[in-house]
Every structure is written in structure tokens, then in C-alpha cells.
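# Sequence first, then the predicted structure:
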Amino acid sequence: MKEIKGILHIYDQIDLSRRKLALATVVYVEGSAYRRPGARMLISDDGRWEGAISGGCLEGDALRKARQVILEGQSMVVRYDTMDDDANSLGIGLGCNGIIDVFIEPINPTDKTNPIALLRDFVQRRNQRVIATVYRSDSATRLSAGTRFVCTGNLVDSIPSWLQPDMESVMDLGKPMTTTYLLEGGLVDVFIERIDPGIELVIFGAGYDTIPLTRLATEIGWQVTITEDCIAHLSPKRFPEATCVLYADAQMVTQKIYITDRTAAVLMSHNYTYDQAVLTNLLATDVPYVGVLGPRKRYEKMQTEWRKAGNHFSPQDLNRVHSPIGLDLGAETPDEIALSILAEIKAFFSQRTGGFLREKVGPIHERQLSVALETLI
């Protein structure tokens, strides 16, 4: 999400009456690579760019290829083979041991369906969606490179029947797919990806330790809402990076925040009564993650008082509560604690354990699904 917002920000700064643009997108990866399929890079004809398709080793060549695309007005697919350092045509030892296909296309600002417009719509709506991009095709298929189909939950009639099953699969599993289809007019190469809105962090409490948590969360592109029942703590000057600063009491706050399946709630007010009231109300919502700052005994005391008051929550509800919050990093300072909290939240939404990568069996990233010939029509 942060990279997409960065691309849109730079796009809006460019004088489109004087400058021409291209967008480079990683559409296929075999083996290892620094960036995964879906990584993007906006390039202008004066050499300016935003985003990245690698760790810095491919961008220079992509700039040269983008100038050619802009000059000719025709898209291209560039393959970078980093399997063999000695034979690498770029003249540098990349050491990635992978094959990367990059689709570079010119941007037409007057086309309301250009990829930048689609990314802007995604950022504005913040809804999970699947985008299928035709990046290479035989001319007889009447599908030009750059043609896109978008699914935002319920499939629509404009999606071809031959593409619909794979878009449904990517929506369900979240794994990108690169597929070649055999249609009546020839072959069509399509990259299908799901893009997800960023994590929305809601922090209950506006103490001094909220400041580094807000700063780090916004730095990685999350939206942050800070709420408290003490208006004196909610000065916007203390939290310039926050998306929203909200004054509300513990009983009403859950009615004033919008909760999605990407919302993480963190209770860190250091006020036991406030945190208990907020947590009681949060468990009545569908928020998937709730973290409570403080020692384990503090949360156990809350559970004891719930039972005495006749408040019963299911094991599934209580399993959403993470207390103590954070990964075991040995954090001591507010900044280190913020890192620990964000690391756990990221691991939770990525469905990872948060362990050492050196102990992980197999590749770090799940391999992209690639089908050589998917459909015959």
C-alpha cells in the first residue's frame, strides 16, 4: 500500500503536459528475487522514478527500456536472468538466482482505465481486489497488452469466462498467478494478482509510548487512528503522522470506528478501568486482532472480573486477544516495544510465526504459481 501511495504521489507532482510516463511491473518470478510479482516502478522520460522492481540492480536497465517504451508508445516484456552471475548481460553480479519478467507499458493519462487510475481507485476505496493484466498476446486475440480485468469481491459480467476461475482462485488464496491461455486467436499471457489494503491500526491510549508506535506504523504504510477519553492527551501536534485522532469514551468508541478484517486494535492507555471497558466492547465486534499492553496478570484479572459480572466470551473471542502483546524481542524502550508490537501484528495478518528465517524450511516466500497452458477455447 505504501509503495502504491508513493507512486500516486509522484504521479500527481509530474506535469503531464511536458513529461511522459511508463509503469514497470514484475509479472513473473522463477527462483529467488528481491521483489515479488506485483512490485511496481513508475518511470518518467526525464529519468525520475518511484517504486522498485529489485534491490537496485535492475532499475538502471529498466529506465533505459522505459525510455524506449515511451518513445515508441509500445509496451514490452523484459526478462532478467540472474541465475548465472558470470553470464549476466548487465555486467554485475546480482546473486539473486532467479528469473524475473518485467512488463513495461506507457501511461496514457487520458485513458480512465490506465493502471494508475486503477491504483488510485484501490487506494480510495480500500477494498481487496484482484487485477488480471494481459502483458503479452497474439494480435488475433484482440486483447492488447495492458488490458486489465478487475474483481472486487463479486465477479462481474465483464470478466471473460476463461479467466474467471483463476481470478476466483487468486481472490481466495491470495497467491499471484502467471498463466498462458490458448484462445481462438492465439496465446495470451496474463498476470493475476490480489492487492490488499494496508493494516488499519487503532490505538486506544495517547501516552508517550504511543508516539513511536504511531511513527513506525505510518512509516510502513499503515493507517493509524488514536483514541482516548482524555481530550488533553489528543493534541494533533503530538501525533502529526496519525491518520485520525478521535476523542471518545470507552463505551462509545467502538461505535465511532470502522472495523474491517484488516483492523488491529492495541490497548495501551495504562488505565486499567478504561482498557477493560474498551476490551469488553471490542470483543463484541468482529475485530480480528486485539493486543493489550501490560503483564499477563492484568489481563487475567480482567477475565476474572468478567466471570464475576456474568460476561461470558467464547474461546474463539478470547483467542483474538494477545496479552502480553508483541514478539519476544527483548524490547525495553518505548521504540523497541513499538517494534515488537508491530512485528507481531504483521506476523498475525501474514499468518506467520515470527521466528528466525534461518530456521525456516524451504524458500522465504511462497513460489508464484505459473501454468504454461491454462485454457483451450
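The structure has been received and is ready for your questions. Numbers count the residues shown, from 1 in each chain.
# alpha carbons only for contacts and neighbour counts from here, please
Noted.
# For residue 291, give me its contacts.
Counting by CA atoms under 8 Å, 6 or more residues apart in numbering, residue 291 touches 264-267, 321-326.
# Greatest separation within those residues: which pair is it?
Greatest spatial distance among these (CA to CA): 264 and 324, at 14.9 Å.
# Look at these two and report which has more neighbours.
Remark: of residue 264 and residue 324, residue 264 carries more neighbours, 23 against 17, as counted by other CA atoms under 10 Å.
# Any idea how far the one helix or strand that one maps to is from the middle of the chain?
Using DSSP states H and E, residue 264 sits within strand 263-267. In terms of CA atoms, centre = their mean, to the nearest Å, the centre of strand 263-267 is set 18 Å apart from its chain centre.
# List the buried residues in the helix or strand that that strand is followed by.
Under the assignment DSSP H and E, the closest C-terminal helix or strand after strand 263-267 is helix 272-282. Neighbour counts using 16 or more other CA atoms under 10 Å place 272, 274-276, 278-282 of helix 272-282 among the buried residues.
# Relative to residue 234, which of those residues is nearest.
Taking CA to CA as the measure, residue 234 sits nearest to residue 274 out of those, at 15.7 Å.
# Give me the distance between the closest one and residue 351.
30 Å (CA to CA, to the nearest Å).
# ditto for residue 28
Counting by CA to CA, the gap from residue 28 to residue 351 is 23 Å.
# So which of the two has more stuff around it?
residue 28 (23 against 9).
# nearest spatial neighbour of that one, skipping sequence neighbours?
Computed as CA to CA, 6 or more residues apart in numbering, the closest residue to residue 28 that is not its neighbour in sequence is residue 101, at 5.0 Å.
# Check which helix or strand that neighbour maps to.
If you go by DSSP H and E, residue 101 is part of strand 98-106.
# Tell me the strands beside that strand, with direction?
Strand pairing for strand 98-106, using DSSP bridges, gives strand 21-31 (antiparallel), strand 76-81 (antiparallel).
# Just say helix, strand or coil for the closest residue to residue 245 other than its chain neighbours.
Distances taken as CA to CA, 6+ apart place residue 226 nearest to residue 245, at 4.9 Å, with adjacent residues excluded. At residue 226 the chain is in strand, as set by DSSP: H, G, I helix; E, B strand; the rest coil.
# Just give me the neighbour total for residue 226.
The tally of other residues near residue 226 (other CA under 10 Å) stands at 23.
# Next: the one 10 residues further on.
For residue 236, the neighbour count with other CA under 10 Å is 13.
# Residue 247 is in contact with that one, correct?
No - with contacts counted by CA atoms under 8 Å, residue 236 stays clear of residue 247, the gap being 11.4 Å.
# can you map out the helices along the protein?
For the chain, applying DSSP state H gives helices covering 2-13, 59-72, 115-125, 164-173, 210-219, 253-256, 272-282, 296-309, 315-318, 334-350.
# So residue 162 versus residue 306, what's the distance?
Applying CA to CA, the value for residue 162 to residue 306 is 54 Å.
# An error on my part: the question was meant for residue 271.
17 Å.
# what about those two, which has more around it?
Remark: of residue 271 and residue 306, residue 306 carries more neighbours, 15 against 10, as counted by other CA under 10 Å.
# and that one, what is it in contact with?
Contacts of residue 306 by CA under 8 Å, 6+ apart are residue 312.
# Tabulate the strands paired with strand 98-106 in a markdown table, adding columns for mean pLDDT and distance to residue 209.
Below are these laid out as a markdown table (pLDDT from 0 to 100; distance: least, CA to CA, whole Å):
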| stretch | mean pLDDT | distance to residue 209 |
| --- | --- | --- |
| strand 21-31 | 91 | 39 |
| strand 76-81 | 91 | 45 |
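# Can you tell me which of those strands is most buried?
Among the strands paired with strand 98-106, ranked by average contacts under mean count of other CA atoms under 10 Å, first place goes to strand 21-31 (a mean of 24).
# Extract the CA atoms of that strand and return them as PDB.
Only the C-alpha atoms of strand 21-31 are listed here, as PDB (Å, rounded to 0.1, in the frame of the first residue of the first chain):
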ATOM      1  CA  LEU A  21       5.500   8.100 -18.200                       C
ATOM      2  CA  ALA A  22       5.800   4.300 -18.100                       C
ATOM      3  CA  LEU A  23       4.900   1.800 -15.500                       C
ATOM      4  CA  ALA A  24       7.100  -1.300 -14.900                       C
ATOM      5  CA  THR A  25       5.500  -4.300 -13.100                       C
ATOM      6  CA  VAL A  26       7.100  -7.600 -12.100                       C
ATOM      7  CA  VAL A  27       4.800 -10.200 -13.600                       C
ATOM      8  CA  TYR A  28       6.700 -13.400 -13.200                       C
ATOM      9  CA  VAL A  29       9.500 -14.700 -10.900                       C
ATOM     10  CA  GLU A  30      11.200 -18.100 -11.000                       C
ATOM     11  CA  GLY A  31      13.600 -18.900  -8.200                       C
END
